[in-house]
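# Sequence first, predicted model second:
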Amino acid sequence: MYGAMPQSASGAVHVSNYEDALYVLRSPEFRPLRKEAGFNMAYQLMFTGGALIDLHGKEHFERRRILGSLFRRATLEEYESDYLAPAVREAIADLDASSTDPVDLLVFTWRIMIRLMVRLVGVDGLDTPEAEERFAEYFRDFEHGTRSRFSRDPEETVAKALVSRSILYEEFLEASWARRRAILADANAARPRDVLTLLLEHEDYYRDKVGDRAAEVMNNETAAFMAASIGSTANAICGAVYEIDRWLQDHPEDRPKLLDSEFLRTCFSESIRLHQTGPLMRQAAEDVRLPSGTEVPAQAVALIDRLEAGIELASRASQPGSGQHFDPYRTIDGVPQYVLAFGQGPHMCIGRQMVLGGHYTQPEIEETDTRVGLAVTVLSEYFRAGVRLVPDRAPIISGHTIRETWAEFPVYFAGPSA
Ligand code: HEM
């Protein structure tokens, strides 16, 4: 389902069956890839080495507990209602109303996500449009480096990303770390709730685990966190706008539902089932037999095609072949509509609750949890402002990477639509 992959060192097993995919993602015999596994991992680990995504077993569990404390409900609520919705409205209001040119929704959403994530991470110094512009420019190259295992030209991508990373660290992160160190040293100062503060509060833990590499790993943790959140969310929001726009062309009677959070959430879940950015990868620590009978030899890499698995599962739940179509009214018994879009098992996306709100993630507290989630918040504001695809300029998929990401996503904002 995805483009041709970079080379693997030990041969790869393609996993596209839902039950096999679940097995691989949940079982301790399968681990994040090591440097020697091929797939440009030696490059990728320059950026993510020692960070959460790269860990396994007990160490991963401990680290996940530390970072997970950032996603308490009160924090999420504050980000969603006090910050995100106004930030999206402001960004739309700032668009040049006199211009008839389309807006690139990918760049637009990516910038909104950068603003949100630098707050959550605790990067200071982006107070002026110029500083934000500089940060965004370097972050874009850096982000490509963190995904170099999917890159078609990894050397060039990585060389650029390393330069950008140094600039980002020197210009933005060093001062942000220093400011938080000073806050922590002052017993009377209020502590920000952000990634940098959290990591500094656990600095002894990092020292204990990785010794002299603590500063490097804490930087990698921070950077991997931003890379995991910004691009994937911007890409997913564009995917949802794309599918909803097309759905409304055939189902104009659903247009009033754009004001309904539940409809938007279902549309978002259905669209991320269909717009997943690339295979997940794990390496077998020993010979393993998957539920379908497929044998995975020790050291082989399992390439988990969650797009194909999601399509196949949705087709199984209704009619053969139907799973490749967008249908917000689809139900898949016992499985969320997004299927494997957030992964599964111990590495399942830590930002899922932030993206989806309370409903899908914690049904037991749904009644008291008023969050609609980042995705619905952004989509609601976009549709309220009349976002629509440009009739003769279809969005373009990127050719630089085998991940399915948008390269360009032209839209119009055309005033309130409903
Ligand atoms: C629609 C948006 C998003 C999608 C589709 C998505 C998808 C994923 C997937 C598939 C994984 C698992 C990777 C693997 O198993 O190898 C993952 C992990 C992760 N995601 Fe997300 N993500 C999204 C948004 C976010 C946000 C907003 C954040 C942070 C606020 C975030 C932070 C992370 C982190 C830190 C991990 C690593 C977790 C671990 O290894 O334990 N993601 N994401």
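Received, thanks.

# Next to the ligand, which bits of this structure? Give me the list.
Neighbours of the ligand within the chain, by CB under 6 Å from any ligand atom: 52-53, 64, 225, 228-229, 232-233, 236, 272, 280, 341-343, 347, 349-351, 354-355. Placement of C-beta: from N, CA and C, glycine included.

# So which of the residues you listed sit within strands?
The members of the residues of the chain next to the ligand that map onto strands under DSSP state E are Leu280.

# Spell out the residue ranges of the strands in the chain.
Counting by DSSP E, the strands of the chain are 12-15, 30-31, 103-104, 280-284, 288-289, 295-296, 301-304, 387-389, 396-397, 406-408, 410-413.

# Sheet partners, orientation included, of the first one?
What it means is strand 12-15. Using DSSP bridges, strand 12-15 pairs in its sheet with strand 301-304 (parallel).

# One more: the last one?
Partner strands and pairing direction for strand 410-413 (DSSP bridges) are strand 103-104 (antiparallel), strand 387-389 (antiparallel).

# And the contacts of the longest one?
Contacts of strand 387-389 from elsewhere in the structure, counted by CB atoms under 8 Å, 6 or more residues apart in numbering, are Leu105, Val241, Tyr242, Asp245, Arg246, Pro395, Pro410, Val411, Tyr412, Phe413, Ala414, Ser417.

# Of those residues, which is the nearest to the ligand?
Closest approach between those and the ligand, by CB to the nearest ligand atom: Val241, at 13.0 Å.

# hang on, the earlier thing: closest one to Thr266 among the strands paired with strand 410-413?
Of all those, strand 387-389 sits nearest to Thr266, with 18.1 Å by CB to CB.

# any idea of the mean pLDDT for the closest one?
For strand 387-389, mean pLDDT rounds to 95.

# for stretch 265-284, same thing?
Stretch 265-284 comes out at a mean pLDDT of 92.

# And it, end to end?
Stretch 265-284 has an end-to-end distance of 35 Å (CA to CA, to the nearest Å).

# in that stretch, what counts as buried?
265-284 (16 or more other CB atoms under 10 Å).

# Tell me which of the strands paired with strand 410-413 sits most buried.
Neighbour counts (mean count of other CB atoms under 10 Å) averaged over each of the strands paired with strand 410-413 peak at strand 387-389, with a mean of 20.

# related to what we said a few turns ago, for the contacts of strand 387-389, please prepare a markdown table with the additional fields pLDDT.
Output for those, formatted as a markdown table (pLDDT from 0 to 100):
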| residue | pLDDT |
| --- | --- |
| Leu105 | 97 |
| Val241 | 97 |
| Tyr242 | 95 |
| Asp245 | 96 |
| Arg246 | 94 |
| Pro395 | 91 |
| Pro410 | 96 |
| Val411 | 96 |
| Tyr412 | 94 |
| Phe413 | 92 |
| Ala414 | 79 |
| Ser417 | 46 |
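
# Find the closest residue to the ligand in the stretch 51-200 of the chain.
Ile53 (3.9 Å).

# Might you report the residue contacts of the nearest residue to that residue once chain neighbours are set aside?
Sequence neighbours aside, Ala224 is the residue nearest to Ile53 in space, at 5.7 Å (criterion: CB to CB, 6 or more residues apart in numbering). Neighbouring residues of Ala224 by CB under 8 Å, 6+ apart: Phe47, Thr48, Ala51, Leu52, Ile53, Asp54, Thr146.

# Since that was my last question, I'll sign off now.
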